[in-house]
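J.: Quick one, what's the 3D model for this:
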Amino acid sequence: MRDRGDMPQKPPMQRELRPFPAIDPEPEHRYSRRAAARAAIACVAACAVAAAVLAGVRLAGAKHPPQAAAPARFTDRDGLIVFEEQPSGLLGTASPDGTHPVTATRLSRLQGSDLAVAAPDGRYLIDAERELVTIGAHGPTSVTQVSPPLPQAFGTGSGLEWASPTFADGSRYLAITECDPSIQNSGYEASVSWLIPTGGGKPESLGMVTASAGLPDSAAVVAALPANPQQTCDSLEQSDSSLDLLAPGKRPRVVATAADLARAAGWKAGTPVQLDASPSPDGSLLLVTVTENVAPAGQVQPGRLDLERVNLLLTRTGKVISPVRVPGAFFGFAWSPNGKQAATCSAAQGQPSTVSVLTVAGAAPHPVTARTITLPGHRDVACDQLLWSPDGTQLIYSASTTRSGLTQADDLQHGWTVVDLRTGKIHDVTAPGQPAAWLPAKVLQ
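T.: Sure thing, here's the model as predicted:
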């Protein structure tokens, strides 16, 4: 008898390959009725266990209710915020969400409590105390004192010197208004607007005005000319007879008269008004706030927030395109970088603070739509600043929160509020001061 190991071995049976053997091999076994019964019993048992576990989870949840999901964290760090630290007056930078704050202690302290105004291209800031801040790739680099066009100007060396400081032709010119005590008109001093080259050069007078707003696309300003030339330097906001376009060496061109705008607002003829213009980034549109002036001609009642006002959208030639209905627009308008939107904010004691965004699009007679956003928890007494993000999707709001502080710095919101227009989310940021500019992440290379 031969050993089993000596017996010839049959080759193993090879199964025929299926079309897709890697994903669909033929099973080594076939299901029998007994196997199917075992599978059914196992399935029933698994279902019973799952039901018991689910019941236990529900019971535990009843005893310990699930906690609310944590709110989404604000993480946008796009751009650079330039802020003025309060009460020191030092400049600093931070991300929009308040992270990475840096105070530039090597720079001189800014005077006064007014916030600086940024040039459209982000190269400079200017405040009412003649302080010009130069901006570099990583924030402020220097602070210089601009010489006043009139050395004898009212207030030199003693507080507020300029009214309505802004820029024209991008950053090439400062457009400012100051008091000229040398102009005497029946014993009254008058205010004069100037264009001052930021790179140095001789200032050019634009004539007697009460306010100025730079046109970014040209070396010109829209100025409100007073109805009563016998104005005083202590009260620059007068009743105005017209909005004029002023440029060096050119005759003033009337954009719109106060009478025309009062008529467009639906007010009776002869109503004294105050005009404030905000040009769009390309200078093609003007948002004009027409405020009722119930005081005698040439005067305005200070501290009145209940005066009637109407906002009008005008072309550069003065044609009224549309009235703009915004509740309580006390701040003025800030245009978005692309000129398709404008924002304003409203804050009055005892009322919820709001931000309103206008979308300027479409054709007459209704090219403007408004969206008002309430800021939860904010009942501020005044809106101090409103800044657009470089991409135009967010806004920053800052305010005076009270008037009862021991110092003016005590009354300010220390930080800012970010409003995301895409999601509607609102986020408060705590910071050492208030924002002056929201610049791209890389301002200058």
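
J.: dump the residue contacts of residue 413.
T.: 380, 384, 398, 399, 400, 401, 434 (CB atoms under 8 Å, 6 or more residues apart in numbering). For glycine as for every other residue, the C-beta is placed from the backbone atoms N, C-alpha and C.

J.: didn't residue 260 look like it was pressed against residue 312?
T.: No: with contact defined as CB atoms under 8 Å, residue 260 and residue 312 do not form a contacting pair (9.9 Å).

J.: Which members of the contacts of residue 413 are positioned in strands?
T.: The members of the contacts of residue 413 that map onto strands under DSSP state E are 384, 398, 399, 400, 434.

J.: Would you reformat these as CSV and include neighbour count and pLDDT?
T.: Below are the ones in strands among the contacts of residue 413 laid out as CSV (neighbours: other CB atoms under 10 Å; pLDDT from 0 to 100):
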residue, neighbour count, pLDDT
384, 22, 89
398, 26, 95
399, 25, 92
400, 20, 90
434, 24, 93
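
J.: Look up the pLDDT of residue 438 for me, please.
T.: The score at residue 438 is 94. That number is its pLDDT.

J.: Setting aside sequence neighbours, what's the nearest residue to it?
T.: Among residues not flanking residue 438 along the chain, residue 387 sits closest, at 4.4 Å (CB to CB, 6 or more residues apart in numbering).

J.: what's the answer for residue 140, then?
T.: Spatially, and ignoring its direct neighbours in sequence, residue 140 is nearest to residue 91 (4.7 Å; CB to CB, 6+ apart).

J.: List the beta-bridge partners for the one you found.
T.: Legend: beta-bridge partners of residue 91 under DSSP bridges are residue 84.

J.: Same check on residue 145?
T.: residue 131.

J.: Could you check which helix or strand contains residue 261?
T.: In the assignment (DSSP states H and E), residue 261 maps to helix 258-264.

J.: Contacts for the helix or strand residue 372 falls within, please.
T.: In this structure, residue 372 sits in strand 368-374 according to DSSP H and E. Under the criterion CB under 8 Å, 6+ apart, residues 313, 321-322, 324-327, 352-361, 419, 424, 426 lie in contact with strand 368-374.

J.: hmm, which of those residues are the buried ones?
T.: Neighbour-count burial (16 or more other CB atoms under 10 Å) applied to those gives 313, 321-322, 324, 326, 353-358, 360, 419, 426.

J.: With secondary structure, pLDDT and distance to residue 440 added, can I get those residues in TSV?
T.: As requested, these are exported to TSV (DSSP: H, G, I helix; E, B strand; the rest coil; pLDDT from 0 to 100; distance: CB to CB, whole Å):
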residue	secondary structure	pLDDT	distance to residue 440
313	strand	91	28
321	strand	87	31
322	strand	85	32
324	strand	84	29
326	coil	78	28
353	coil	92	27
354	strand	93	27
355	strand	94	22
356	strand	92	25
357	strand	93	21
358	strand	91	23
360	strand	86	23
419	strand	95	19
426	strand	94	23
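
J.: that older thread, any idea how far the residue nearest to residue 140 is from residue 241?
T.: As judged by CB to CB, to the nearest Å, residue 91 and residue 241 stand 39 Å apart.

J.: Pull the residues that contact the helix or strand harbouring residue 205.
T.: Per DSSP H and E: residue 205 is located in strand 204-208. In this structure, residues lying in contact with strand 204-208 by CB under 8 Å, 6+ apart are 149, 183, 190-195, 212, 221, 223, 225-226, 229, 246-249, 252.

J.: For these, which PyMOL command selects only the ones that are buried?
T.: With 16+ other CB under 10 Å as the criterion, this PyMOL line picks the buried residues out of those:
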select buried, resi 149+190+191+192+193+194+195+212+221+223+225+226+246+247
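
J.: Take the contacts of strand 204-208 and keep only those in strands.
T.: Per DSSP E, the contacts of strand 204-208 map to strands at 183, 190-195, 212, 221, 223, 225-226, 246.

J.: and these as CSV, adding distance to residue 267 and pLDDT?
T.: As requested, the ones in strands among the contacts of strand 204-208 are exported to CSV (distance: CB to CB, whole Å; pLDDT from 0 to 100):
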residue, distance to residue 267, pLDDT
183, 32, 58
190, 28, 68
191, 26, 76
192, 30, 82
193, 27, 86
194, 33, 90
195, 33, 93
212, 25, 86
221, 26, 92
223, 23, 89
225, 20, 81
226, 19, 74
246, 26, 92
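
J.: Pull the number of nearby residues for the nearest residue to residue 89 once chain neighbours are set aside.
T.: With CB to CB, 6+ apart as the criterion, residue 89 has its nearest non-adjacent residue at 3.9 Å, and that residue is residue 109. Counted with other CB atoms under 10 Å, residues neighbouring residue 109 total 14.

J.: For my notes, confirm residue 109 occurs in a strand.
T.: No: using DSSP: H, G, I helix; E, B strand; the rest coil, the assignment for residue 109 is coil, not a strand.

J.: ok so, going back, the residue nearest to residue 438 bridge partners, please.
T.: Judged by DSSP bridges, the bridge partners of residue 387 are residue 396.

J.: can I assume it is in contact with residue 334?
T.: Yes: between residue 387 and residue 334 there is a contact at 7.0 Å, judged by CB under 8 Å.

J.: more crowded one of these two?
T.: Taking other CB under 10 Å, residue 387 and residue 334 do not tie; residue 387 has more neighbours (25 against 18).

J.: following the helix holding residue 261, which helix or strand shows up next?
T.: Once helix 258-264 ends, the next helix or strand along the chain (criterion: DSSP H and E) is strand 273-279.

J.: Check which helices and strands that next one sits against.
T.: Where contact means 3 or more CB pairs under 8 Å, 6 or more residues apart in numbering; DSSP states H and E, strand 273-279 is packed against strand 212-215, strand 220-226, strand 240-246, helix 258-264, strand 285-292, strand 334-335.

J.: still on that earlier bit, in terms of neighbours, single out the busier of residue 91 and residue 241.
T.: Set residue 91 next to residue 241 and count neighbours by other CB under 10 Å: residue 91 wins out with 26 against 19.

J.: Quickly list what the nearest residue to residue 326 once chain neighbours are set aside is bridged to.
T.: Using CB to CB, 6+ apart and skipping the chain neighbours, the partner closest in space to residue 326 is residue 356 (4.6 Å). Residue 356 has these beta-bridge partners by DSSP bridges: residue 344, residue 372.

J.: Enumerate every residue touching residue 356.
T.: 326, 327, 329, 343, 344, 345, 346, 370, 371, 372, 373.

J.: Show me how to select, in ChimeraX, the buried members of those residues.
T.: Command for ChimeraX, covering only those of the contacts of residue 356 found buried under the criterion 16+ other CB under 10 Å:
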select :326,329,343,344,345,346,370,373
